[in-house]
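Novice: The amino acid sequence is not available; the structure is as follows:
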């Protein structure tokens, strides 16, 4: 059995403070759901830096190599044509497409990384906690231990920050 | 921490040493291999341009941010202001060219039998050349002086009037600069290769100027931070400067490539005549410039952390400055000295001489006013600057 | 893809119904009989079969390469002995159309004539051709031709027709009523003999020759002056100074092909030859000849006689001879007389007009200048024009009076081109008996009772004598396509003789020609060799003492001295370069060939001087009314003498195929008869602006070079001082560049065009169209600048608007080694070959037109519509000239693919010919020899202005020309490195002469 | 985050988060009005007309256009460049302004990006249909084929293929990634089951989790970083269609940056045209404020002036070059048969934006609206001038010709206008026109101060 507590805030300030308090009290926050990105929340929640830029760099580099390599191969090895008196290995001519494919590969790489890592996608099955989350409410979901020893403390912190609808939920595993 | 920069004796001593090294190198150079008149003048022109660009960028930096309603730059307002103090000296050095015209500009010779240059004589003639030069400098010096004055006045009186006037002056400066920077590059640089022309040239030189300026400001921040000043400059400011250096090195590459590609592609002799000697006679330098100005800063500043690390950024700024100096060298040399040119002690000596003089002027100016301007309505934003 | 007939039976069932029919078959129908199985019964022979096979192959080649499915393809069952599929055969023959003559080679593929080439062996045409000669091949496949004999407009068989005609002829003979055989000038010896025999058989038949464009005055003047009836032969290649009064000798005056060759030969400059003739032209309209002159003086037609008389007088003065009282000559004329006298024996004075007085005057001048025997001779004659104008006048009055009861009319169209055409038409309608022996319906034949259709010349045998003792043979390239018969055979038939004209010619030649030579031991070998060469030119050494005598010279001079120039507007009717007398008006290639000077096609129009246009407030395209009788669009022509106007004849055909019908206006009625000769000048015409507008189809709308060094020029004296005169910046940029020039190790094909030789005649354009299957787009599309020509002749005017200098510059794809077009094609449809050719892969082209935009020479052509039926989308064909119907498709060159809608095309430097040349050389195991490969334009050019070759072959003629100081590349400052280059234009001017 | 009090609020009307959601979602939830139906009827019929003309062109051939042997590109490519230029504002706003931390972009980036996509669709049509054989357009892709042929990597038109498809794809990704949270918002608001299912599908299961937001922000930033040079590259490559040639008036090195600048210039003008109407019709005046309009006007004057300087540079260089063809090309632009096009271009693009130096005009909606239309006319003529006047008289005067469009070409252009506005009209009914989450993110710092929510 897993237990957790959820609470709603109307202002991100309260949310931030509550989250900070909870973290300081070593209470694990399962998730925070917000209608827009709240600045400073990632550091409070202790998120590591996203690896998306790295994925972008790698996929972009692949794009560069594929594009430049393919153009070079096609023009110098596979089917060298005489075109306008230009050298077969026409580096300046290859740059635009190389650039475009770099960007394209990087963009695709990142978007796929984002969707896959976040398990988002068309038809992704996600529990929608509350329809207000995408409107004007900030939800914090805090893990509770099975014994319920933290319940009071958590509730205190939450209610101090004007949290509403503080509910404890239990899920049978 | 002191809000006023003190131009210490120690610093002055160091600057004097740089000048001394410069003079020494020049003397050594004179004995090793006496430079020709043309070599002397090309050195003067290259360094004139390089340090003028830094000084000019002081004005551009202020103006650009003011008209963009930017808040973050207000904290480092004084650095670009100090840079502009070199402008009058740059002007004087530029007018010196009067004595070196024939060594630099082929079109300045009388009795040319060159129909193309004759066709340009209405623009390329000595009197008009200097009239234009005077106009550019009047505009730059006048407007940057007013900007500085306005900023200092704002320090004393808190009034939105100065904020508005600053924006107004900035707008005028930008318009004037937009027109004059292109014309300047045609006059002083492009006309060296008298037959050649490229519509992009002015903007290409402008982006170089931008890179030089950004790199210099980074070095100034770095220097002052080491000296313990500028505690109000935080990582975010550094990050932004890093982004500038990064973005404009890409932009510089973009313009360089656009110009090169189009000329390479169309292969029209009157245009390729410009790149052919640069590529064939200065092959190593040709690619070195690309590496220093693009490859190194591009990979060096790609990550977020690298842009936020002032030490690393300082290294990058030095690389870019070297690259841009070589770029100006490359713009000037093939059309004047030609393939025999080499970078030796004389060239380094000149750089040292100019650098010393420049630093002296700029630091003197920096010491004259508080490092943090006061009363700017956007200043507070700069302190709370975060992403 | 390919659809074959499933079996012959399937095909047979279809044609069964046909064969049961007793209606005589056209040749095309006969062809199909081959497949009826009973080959012995069929009249088809080798050529029929080949023809069909070739035709099918052409269709299949053409279609297989495009997006359509193949309709028919028939393989050879038995390979004919002389045919190798894919290899062309050439047959020497002669082109004849009225007075137009040219010695030619017929190029056939699989038995199907597809192209006309000049015959190098002829001393008359020397391998040159004209636009009309080139275009004549298309006439063979003209749908408009008569396909069978007709009696009163109903189909008949030859037997029926012959029977009826013979019966009628006999009847007239018995009643001794006069009949007339009307023909163009007949210069075939055998034909003349047949006609004579015909007249002997039917003594009541008169024979009248009629030239649509008359040179009667020359014939009569020679008769008067030298007692020699006929036209003198001219030798422009012997003349150092040519003075022409309105004689368009490079255009339609006598034989342009021969004249252009002689003229340009004398003006060809090289290191070895640094002299050239000087040419002075007096004329009113800007003719092709005038535009090539070193000096051109605009005079009204009415002023010419006096000028000629003055010139004559001045020469007499210089010779200290008795002279006449005339108004004082201008300095120019005096100067000219001196110049002529200085060049006596090497000069040539010509008069273009059909006016006996003027022709007598030039005869006198040439005689006084001692030119006879050198630059012209009366004993050697040009035989292609023999008609006297009075004959035609007499005929008309005889017809009107009813004296003439019947008319047999061969290959002339007087109802259209005779000035009293409508009267003639009325008279013909009243005739009880009229037989037309034309190959196609025209205004005249349309009125006739009997149609005995003639063959096309490519289906005919004949012999010719275009010049005194210069013989040539005409042999067919194909069996008659339709149920037609040669004129000569018809006459033979009507005399009741054997109709085999070939045998007749052979007999004639055995008797008359064979003895003239000694090289061949027997007639058979003589005949076969002559037939192979096409020409027979026995050496004849004749000495003729030209004696000039004219009884009424004094009277003539005094008459002329009384003439005063009229103030009124003078109209001149001329023949255009493309259309000529209008007999080929149904030829779309000619209709679309722009006039060399005005660059207008698909129309005639009234040319007017800029000054007069300004006075009348006219612009090009404004419609004016002439004497309140006829309306014409105006073309403002710089160089047209003020107060003169000119209109081309040959337009306004009303009985014609779809192409030529109602194109332009017929102006024959503006010709008049002076009592002796027909005159093409009308004085005192009134012009009235109507306010209407008319759109002329022009292929070039801007006429100035804008001060650009496009055609580089110099005067002869400048050239002699410095061979690079006018071409000083040549090759300045050869070594600029970021990357290396491309290198072509094996061959590097190139062309050089000598702008000093090119006269602008346009033969190359039509040759190219014929060789490369270039589509015809029609007037509307030419107006929209959609014409497709691969080679165009740019014409520029410079200097004074009233009398400009004219420049011609043939521009085709320049085959740049640094081609801007190749760079930009996204799909690499245009690339460079390893032999330096700029090539187009039509099948790869997606039609972005980017290459066309980026071509600085604007030589790339786009298929704006489906002109060729090579498109898979139905109902979108734009084929105004019916070029895509099966019959006309037989003219397509199977070596050159036709292009689909939406594809760019351009000059390939005749890559198919290059390939052919290389293959031939390979078979021989030798390298390609210089001169073995000729492009179509080069082959057609009468002046030898275009030279093709290998730039790597240092010994080639091409390299000699490209290393000349006169050589330059068009727009070389943009470093396109063209393989085509030009030689500067040199004008023989001296500084102190006007 | 601290914002100086002298700055104008970006969101007016003392909004709360809830209010923002309601305001922006309103057009999707409400029934479209008569004006919308009238609009879509109009744009739809324009689209149909255009489609008919395209069909006719493909059937009959490019000969139905006014092009000829000399002028191979006319309206078609003019429209292509014009549309692609318009398609630059969206990504510029989203990417470059994001990098420059211009908060005012949040209210306009969504619709500007949508506009970008629609404009690129319109633009992309032209290279396709201007081909002589559009059915073989797939030849431009380097796919392996039996002939072993590849494409010509030297061709700027091929670069275009890559640039435009990349640009469209990346813009679409960028736009859609930004849309995901907002679609989530809509999903949570709509009532009908079907709509809920559809929006649910489109929202990719968005929950608003902090980790997702972190990644979302990261990817948005990097995509912006990628899109910024992409914007530059696309119009630079388009400009290279001309600049790589040897045609005077086409071949000039300034083209890449100058085209980019012109593109942003015209793109912003189009954004203004659309938004000045949209804000009114959809009651979004509090989000797209006069301040926003002024900011955009400033970009317009900056880019317009850059374009003006480029014109002057070109003009000066043409003279300075001493090349007779260059000199003639520019003389001919200003004084030749197409002088009117040149002067329309000059007055619309260079002179009229200078009026924006006046603050009053900069903040006048009516003036801005009119000016924005003028600018787009001017920018259309800029491309027309570059393409047609350069081609119609180039090197050899023998080939000089005139160009006049036919009804077919005009019809296709009208068709693309129809397509563009139809798509936009559909867009405003389906997706939030303003980035809800992003606006909420700046509400605190840049919203008009609301005593209740201002607890910072």
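Specialist: Cool, the structure landed. Bear in mind the structure is a predicted one, so any value in this text is a computation, not a measurement.

Novice: Can you tell me the closest non-neighbouring residue to the residue of the stretch 101-250 of chain B found nearest chain C?
Specialist: Proximity of the stretch 101-250 of chain B to chain C (CB to the nearest CB) peaks at residue B:115, 9.9 Å away. Bear in mind the C-beta positions are built from the backbone N, C-alpha and C, glycine included. Counting by CB to CB, 6 or more residues apart in numbering or on different chains, residue B:115 lies nearest to residue D:322, which is 7.6 Å off, once chain neighbours are set aside.

Novice: Surely that neighbour is in contact with residue B:121?
Specialist: No. Counting by CB atoms under 8 Å, residue D:322 does not reach residue B:121; the two are 10.4 Å apart.

Novice: Look at these two and report which has more neighbours.
Specialist: Legend: neighbour count by other CB atoms under 10 Å in any protein chain shown for residue D:322 and residue B:121, higher for residue D:322 (19 against 12).

Novice: for residue B:362, helix, strand, or coil?
Specialist: Here residue B:362 is recorded as helix under DSSP: H, G, I helix; E, B strand; the rest coil.

Novice: Kindly confirm whether my reading is correct that it touches residue B:80.
Specialist: No. Using CB under 8 Å, residue B:362 is not in contact with residue B:80; the gap is 10.4 Å.

Novice: Who has more neighbours out of the two?
Specialist: Using other CB under 10 Å, the more surrounded residue of residue B:362 and residue B:80 is residue B:80, with 28 against 25.

Novice: residues contacting the residue of chain C positioned farthest from its centre?
Specialist: The centre of chain C is farthest from one residue, residue C:738, which by CA atoms, centre = their mean lies 47.8 Å away. Going by CB atoms under 8 Å, 6 or more residues apart in numbering or on different chains, residue C:738 touches B:263, B:264, B:267, B:272, B:275, B:276, B:279.

Novice: Residues of the stretch 101-250 of chain D that sit close to chain B?
Specialist: For the stretch 101-250 of chain D, the contact set with chain B under CB under 8 Å from any CB of the partner chain comprises D:101, D:154, D:228, D:229, D:232, D:236, D:240, D:243, D:244, D:245, D:246.

Novice: Could you identify the longest helix within chain A?
Specialist: Using DSSP state H, we find that the single longest helix of chain A is helix A:91-117.

Novice: any idea of the mean pLDDT in whichever helix or strand comes after that one?
Specialist: For helix A:91-117, the following helix or strand on the C-terminal side (DSSP states H and E) is strand A:138-144. Mean pLDDT, strand A:138-144: 86.

Novice: Where does chain A get nearest to chain B, which residue?
Specialist: Taking CB to the nearest CB, chain A has residue A:92 as its residue nearest chain B, at 4.6 Å.

Novice: That residue contacts residue B:267, doesn't it?
Specialist: No. The pair residue A:92 / residue B:267 is not scored as a contact, 11.2 Å apart, by CB under 8 Å.

Novice: Look at the two and report which has more neighbours.
Specialist: Higher neighbour count among residue A:92 and residue B:267: residue B:267, with 24 against 17, using other CB under 10 Å.

Novice: residues touching that one, list them.
Specialist: The contact partners of residue B:267, taken as CB under 8 Å, 6+ apart, are A:85, C:737, C:738, C:739, C:818, C:975.

Novice: which of those residues are buried?
Specialist: Buried members of the contacts of residue B:267, scored by 16 or more other CB atoms under 10 Å in any protein chain shown, are A:85, C:737, C:738, C:818, C:975.

Novice: What residues does the residue of chain A found nearest chain D make contact with?
Specialist: Here chain A gets closest to chain D at one residue, residue A:124, 3.1 Å apart by CB to the nearest CB. Shown in contact with residue A:124 (CB under 8 Å, 6+ apart): D:204, D:205.

Novice: ok, now how distant is it from residue A:51?
Specialist: Going from residue A:124 to residue A:51 by CB to CB, to the nearest Å gives 20 Å.

Novice: Around chain C, which positions in chain A sit nearby?
Specialist: Residues of chain A lying near chain C (CB under 8 Å from any CB): A:81, A:82, A:83, A:84, A:85, A:86, A:87.

Novice: which one of these has the most neighbours?
Specialist: residue A:84 (30 neighbours).

Novice: and that one, what does it touch?
Specialist: Residue A:84 makes contacts with C:818, C:819, C:820, C:821, C:822, C:823, C:832, D:154, as judged by CB under 8 Å, 6+ apart.

Novice: ok, now residue D:330?
Specialist: Residue D:330 neighbours (CB under 8 Å, 6+ apart): D:249, D:314, D:315, D:318, D:319.

Novice: give me that answer again for 6 Å
Specialist: D:315, D:318 (CB atoms under 6 Å, 6 or more residues apart in numbering or on different chains).

Novice: Check residue D:400 too.
Specialist: Contacts for residue D:400 (CB under 6 Å, 6+ apart) come out as C:702, D:393.

Novice: For it, give its distance to chain A.
Specialist: Distance, residue D:400 to chain A, by CB to the nearest CB, to the nearest Å: 25 Å.

Novice: what are the phi and psi values for that residue?
Specialist: Residue D:400 adopts backbone torsions of phi -60, psi 140, taken as degrees, to the nearest 10.

Novice: With the one 5 residues further on instead?
Specialist: According to degrees, to the nearest 10, the main-chain angles of residue D:405 amount to phi -70, psi 160.

Novice: show me where pLDDT drops low in chain C?
Specialist: Counting by pLDDT under 70, chain C shows low-confidence ranges at C:1-75, C:730-735, C:991-994.

Novice: How is it partitioned into domains?
Specialist: C:8-67, C:216-382, C:566-693, C:701-987 (automatic domain parsing).

Novice: Quick one, which of these gets closest to residue C:448.
Specialist: Within those, the stretch nearest residue C:448 is domain C:566-693; the backing value is 11.5 Å (CB to CB).

Novice: how big is the angle separating the helix or strand bottoming out on mean pLDDT in chain A from strand A:138-144?
Specialist: Sorting the helices and strands of chain A by mean pLDDT, DSSP states H and E puts strand A:164-171 at the bottom, at a mean of 81. Here strand A:164-171 points in a direction 40 degrees away from that of strand A:138-144 (axes from the mean of the first three to the mean of the last three CA atoms, to 10 degrees).

Novice: So what touches strand A:164-171?
Specialist: Residues outside strand A:164-171 that contact it (CB under 6 Å, 6+ apart) are A:1, A:2, A:3, A:4, A:5, A:6, A:7, A:8, A:155, A:158.

Novice: ok, 8 Å please
Specialist: With contact meaning CB under 8 Å, 6+ apart, strand A:164-171 is reached by A:1-10, A:144, A:151, A:155, A:158-159.

Novice: per-domain residue ranges of chain A.
Specialist: Residue ranges for the domains of chain A, per automatic domain parsing: A:2-35+A:135-171, A:52-117.

Novice: Alright, that wraps it up for me.
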